[in-house]
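> Sharing a model prediction with you, sequence too.
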Amino acid sequence: MSDATAAEAAPSTVQVTINGIAVDAQPGELVIAAADRAGVHIPRFCYHERMSPVGMCRMCLVEIDTGRGPQLQPSCMVPVSPEMVVDTTSERTQRAQEGVLELLLINHPLDCPVCDKGGECPLQDQTMAYGPGESRFVEEKRHFQKPIPISDLVHLDRERCILCDRCTRFADEVAGDPLIDFTERGNETQVLTFPGEPFSSYFSGNTVQICPVGALTASPYRFKARPWDLVETESTCTTCAVGCRIAVQSSRNELVRYLGVDIDPVNHGWLCDKGRFAFGSVASPDRVTRPLQARTPSGTTSDIADAEPLRRFQPTDWASALGAVAAAVKAARPGAIAVLGGARGTNEDAYAWSKLARTVLRTDHVDAQLGDGLPAELTVGLPAATIDEACNADTTLLVCGDLREELPVLHLRLRGAARAGTTRLVEIAPTTTGLTRNAVRSEQCRGGEAASVLRNLLDGDDPLAGELASGSVVVVLGRSSVSESAEATAEVAAVISARVPHSRFLVAARRGNVRGALDMGLAPGMLPGRALSASPPRELAAAWGEPPGERGHDATGILAAAASGEIDVLFLLGADPLTDFPDSMLARLGVSGAGMVVAVDSFVSQSAAEADIVLPAAVFGEKSGTTTNLEGRVSAVGELVTAPGSARPDWMIAAELAVMCGGDLGFLSVDEITAEIGAVCATHASAIGPDLAADGVLASGAAFEPEFPPEHVAPARDAYGLRLVCSRKLYDGGVTVGQTPALESLAADTVMRVHPVDLERVGVESGTEVEVHSDRGALRLPIVADAGIARGNVVVLFPSPDIDVGALIDVTAPVTDVRIETRGGEASR
Amino acid sequence: MSFFSEENRSLAREIIGRYPKRRSAMIPLLHVAQAQAGWVTEEAMVEIAELVDTTPAEVLGTCSFYEMFKREPVGKYLVNICATMSCALAGAAELMEHAEERLGVRAGGTTPDGLFTLASAECQAACTEAPCLQVNYRYRYRVDADGFDQLVDDLAGGALDDEIPPHGVTARVRQHIPADRAVGAVPPEAVNEPPVWMAAPAGNGAGSA
Ligand code: SF4
Ligand code: SF4
Ligand code: FES
Ligand code: FES
């Protein structure tokens, strides 16, 4: 193909020559990016393909000829132009590279042997590849105090900093937390925080990863390992439902570091700090390593959990533990077995338990969500959007919790899209959120009333109706609070679908692999492959036989049934209803009312402490398989370290239990399960094999159309009360944070936040401890003013590390209204 | 809280109103802060960050780039003695030695009464008048030992109060632009045409008027 025909065939490309190779570049593409695509590496420090170029370091100088003769120009700042000729290896280029490196090394200490970056350091590598080999500089180097902490997680060694502006640019441009900046000038220039205001960004770990030298180090990895000692596998983060691609690294069978891997459809290389540092919990000394059997049956004493929880248990072996479970299963009445949870494992784990429940335990009482998600039929059946589609829709409607707290990297993607102008964000929320600044419009509402706000906007003469009607729309839909019923959120879907039928949805699922668990049928009335048990697909019916007849209970129903003595065996599959279920009274009655409680968990959670048998489960990093993110993207997770003691993956426990109960799930390895999923689920037919690495496979479609609940008018509210909104924080009371030493201290304090005007009505100073009453219960909590809260709402963290917020919540009520009482006993007016 | 006085707070609001982006008011507000306290305090930076909608780290980054914003207390009078070539040849070193003796502090120090800070400076672009110095950036030319003593006496006695305001005060006459007189600067993202003086690209007749 001659150049002329190529240009004709693709007039939107620019022809350039790089080191004699003809390259078709995109208009506006930077020379360094075009060279990368053509396989020509130009050394660089400051350029990063996911951030805007700044031309700080001059390492990328190359000879560029645009018709006026070759000139040295920074290739990260110069866009391609037609007939440009680039030479990255010329004599002059080499001299420039040597010069830049010699100047950088004037002040950079030569302490590679004691530097954490040594062995994987762009400065070290590029000095070897492009440097002059010796220095003429004999004077004393600049000195600073050796590393200073700039946050709880990140240390800064200013001597090593080469002022590339990557960390500061990331903090400002990508994270939106410009808490570090260049200070001083000239030879004194240094990256610093403001005194007393640390770099406490949820995304701070990314700066450590992109720093081209060892100036930034993360406390969990400092001096832990050398890069050449590391073993690595690529995997997918399952800490939340975004499913960021990561490289998992270990040294001597211990996880030591996660790095972001850049994939286009999901994380662009970024991770949040919770996901990045969560590996700390894997090696926790509190892990359950052997099966435990209770000395006393569950529910006999109520204060057991308060005293040393482990004293209740004696360690046992797998055969006797599973034997006891199997005996209980055989003795159970029909329809009296239930499985709660399954969202923390892999798809294979979920599939195995789904199959165990339906074919061996013969129950449909299964639910991977704990009353904190959308109805499963909607999550699975709504017309789905991808993250990319959300970032490029004409309008992206946010009706969910604060994404920065719940799905941090989705927040980054949407923030980036809004800044780049590829989408317009419109938000409806009970508080301001991390994206409020980037939204073109932000409507505040009382908890549980998003649907009616939306109905008023779309049915009235608001311009939003026209904008949505005429352009593409993606709705990020989630429960913005667990103190309002799931129907309130389902109604939002109903309102939008009826009025803007071309809307697509991205469901903001609350747990790592909720989507995968639901896709695998861990919800009442559902089967693997996004099918309804009422109409099982042929392949599945062939493999599973007849599904249990009647539709089972969801989490609320299971706990209610257990509370009234109808459940003989309750499996908690990594689920901790006593912490996570919104209605703590029902959770307590349910767990103590169940006949036998079997917890499959990696820690003795609050609920596991009440169990009769605890089966130790392997966790992320200790097992392989696949996971599904909120888009429905299936990707591989890798196994790198061995589980402690005799802990094993959930699927294996299911398979063994099936045998003990006289059944057979028909698989003996993860790969067999992955293959079986592909074979019986039309949606997952292509989710097998090597494609599961990197971008993963988007499992698409569902076997049914979801039915929407009827729209109803928002519940009348108690005119004197405040509406309870349970928001989430990234660093919450869960085990990931609690068991990770690096994150533990970051967990948020529990306070109640209200609008300043509402606080005035209550009549106390901000910070005063008050009593809050709902129809269900009461709590004492400090109350503080926060102008970001919509009037009429009172916002509390849930789950909260130390306060039982669930004591206020009745899951059967549509919303939770509360009254505030001050010490004098005076009610809020 | 509130670092700014009531008066400076409304001045700050007026200044912010002049710009299409709040952040653009950061340097003018740093000047207001320095005028109020004589130096730029941390509280001032925190408050400016809030006013212009950014983080204190960014205010510190900007503030510390400029040497004339002092982030530590300085005396009422900042005496900068030039030490660069012309002045050095004309006796700047002797002048500095004399100044140190007279004020009883080393270059960089502040007198215990908080009146004078003595500093050594780079060329002040008055090389023909060497040796020269500045008091709060107001020039004094061809200064000798006697001249210096006289200057110190005058400053301490208040004889120069009209001419040299305390450190931080940039000008006595402040510009006030009432809202109805503002030109209404256009935010950068709203600019979609080339400036009027730039030729329209070839083949495109739609130049701006
Ligand atoms: S700390 Fe690292 S990333 Fe930040 S400017 Fe210095 S060298 Fe660049
Ligand atoms: S956003 Fe979610 S998936 Fe991504 S790193 Fe954080 S916790 Fe993991
Ligand atoms: S990479 Fe181009 S100047 Fe730094
Ligand atoms: S050398 Fe002193 S003013 Fe120039």
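Perfect, thanks for sending it. Ligands and ions are numbered 1, 2, ... in the order given.

> pLDDT at the residue in the stretch 151-300 of chain A that ligand 2 sits nearest to, what is it?
Nearest residue of the stretch 151-300 of chain A to ligand 2 (Cβ to the nearest ligand atom) works out as A:Gly275 at 2.4 Å. For every residue, glycine as well, the C-beta is placed using N, CA and C. Looking at A:Gly275, its pLDDT is 96.

> do the same with A:Pro537
In this model, A:Pro537 carries a pLDDT of 90.

> returning to that earlier point: so who does the residue of the stretch 151-300 of chain A closest to ligand 2 touch?
A:Cys237, A:Thr239, A:Cys240, A:Cys244, A:Ile246, A:Tyr258, A:Pro408, A:Val409 (Cβ atoms under 8 Å, 6 or more residues apart in numbering or on different chains).

> what's around the second one, how many residues?
The one in question is A:Thr239. 27 (other Cβ atoms under 10 Å in any protein chain shown).

> Next: the fifth one.
When counting by other Cβ under 10 Å, one arrives at 26 neighbours for A:Ile246.

> Helix, strand, or coil at it?
Of the three states, A:Ile246 takes strand according to DSSP: H, G, I helix; E, B strand; the rest coil.

> Could you measure from it over to A:Glu83?
42 Å (Cβ to Cβ, to the nearest Å).

> B:Gly17 and B:Ala33, how far apart?
Counting by Cβ to Cβ, the gap from B:Gly17 to B:Ala33 is 18 Å.

> And the two? Which one has more around it.
Taking neighbours as other Cβ under 10 Å, B:Gly17 and B:Ala33 compare with B:Ala33 leading, 26 against 13.

> Pull the contacting residues for the residue in chain B that ligand 2 sits nearest to.
Ligand 2 sits closest to B:Thr55 of chain B, with a gap of 22.7 Å, by Cβ to the nearest ligand atom. Residues in contact with B:Thr55 (Cβ under 8 Å, 6+ apart) are A:Asp177, A:Pro178, A:Leu179, A:Asp181, A:Phe194, A:Glu197, B:Ala49.

> can you do 7 Å?
A:Pro178, A:Leu179, B:Ala49 (Cβ atoms under 7 Å, 6 or more residues apart in numbering or on different chains).

> What of A:Glu49?
Counted by Cβ under 7 Å, 6+ apart, A:Glu49 has contacts A:Ala33.

> mind checking how far it is from A:Ala35?
Taken as Cβ to Cβ, the span from A:Glu49 to A:Ala35 is 12 Å.

> same check, this time on A:Arg753
A:Arg753 is 51 Å from A:Ala35, by Cβ to Cβ.

> Ramachandran coordinates for the residue of the stretch 51-200 of chain A found nearest ligand 4?
Relative to ligand 4, the nearest point of the stretch 51-200 of chain A is A:Gly186 (19.4 Å; Cβ to the nearest ligand atom). Main-chain dihedrals, A:Gly186, degrees, to the nearest 10: phi 60, psi -130.

> now it: how far from A:Gly99?
Taken as Cβ to Cβ, the span from A:Gly186 to A:Gly99 is 19 Å.

> Show me which of these two is the more surrounded one.
A:Gly99 (14 against 7).

> State the pLDDT value of the residue of chain B closest to ligand 2.
97.

> Excluding chain neighbours, what is closest to it?
Nearest residue to B:Thr55, sequence neighbours excluded (Cβ to Cβ, 6 or more residues apart in numbering or on different chains): A:Pro178, at 5.0 Å.

> A:Pro644 now?
Closest to A:Pro644 by Cβ to Cβ, 6+ apart is A:Thr289, at 4.6 Å.

> Would you agree the one you found falls within a strand?
No. Assessed with three-state DSSP, A:Thr289 is coil; it does not lie in a strand.

> Would you confirm that it contacts A:Leu615?
No. The pair A:Thr289 / A:Leu615 is not scored as a contact, 11.3 Å apart, by Cβ atoms under 7 Å.

> For those two, work out which one has more neighbours and name it.
Under the criterion of other Cβ under 10 Å, the comparison of A:Thr289 against A:Leu615 puts A:Leu615 first, with 28 against 15.

> quick one: secondary structure of the residue nearest to that one when sequence neighbours are not counted?
Nearest residue to A:Leu615, sequence neighbours excluded (Cβ to Cβ, 6+ apart): A:Val600, at 4.7 Å. Three-state assignment for A:Val600 (three-state DSSP): strand.

> Could you check how far the residue of the stretch 51-200 of chain A closest to ligand 4 is from B:Glu67?
A:Gly186 is 10 Å from B:Glu67, by Cβ to Cβ.

> Surely B:Leu160 is within a helix?
No. Going by three-state DSSP, the assignment for B:Leu160 is coil, not a helix.

> quick one: contacts for it?
B:Leu160 touches B:Asp154, counting by Cβ under 7 Å, 6+ apart.

> give me the residue from chain B nearest ligand 3.
Closest point on chain B to ligand 3, by Cβ to the nearest ligand atom, is B:Gly61, at 19.7 Å.

> can you confirm that residue is in a helix?
Yes. Under three-state DSSP, B:Gly61 sits within a helix.

> mind giving me the domain ranges of chain B?
Chain B breaks down into these domains under automatic domain parsing: B:6-63, B:77-157.

> count of neighbours near the closest residue to chain A within chain B?
Relative to chain A, the nearest point of chain B is B:Gly61 (3.3 Å; Cβ to the nearest Cβ). Neighbourhood size, B:Gly61 [other Cβ under 10 Å]: 23.

> Same question for the one 10 residues further on.
Residues lying near B:Arg71 (other Cβ under 10 Å) number 16.

> So it versus A:Gly621, what's the distance?
Distance from B:Arg71 to A:Gly621, by Cβ to Cβ: 47 Å.

> ditto for A:Glu672
22 Å.

> With neighbour numbers in mind, choose between these two.
More crowded of A:Glu672 and A:Gly621, by other Cβ under 10 Å: A:Gly621, with 25 against 15.

> Just the pLDDT for the more buried one.
95.

> Could you double-check that it lies in contact with A:Val641?
Yes. Using Cβ under 7 Å, A:Gly621 is in contact with A:Val641, at 5.6 Å.
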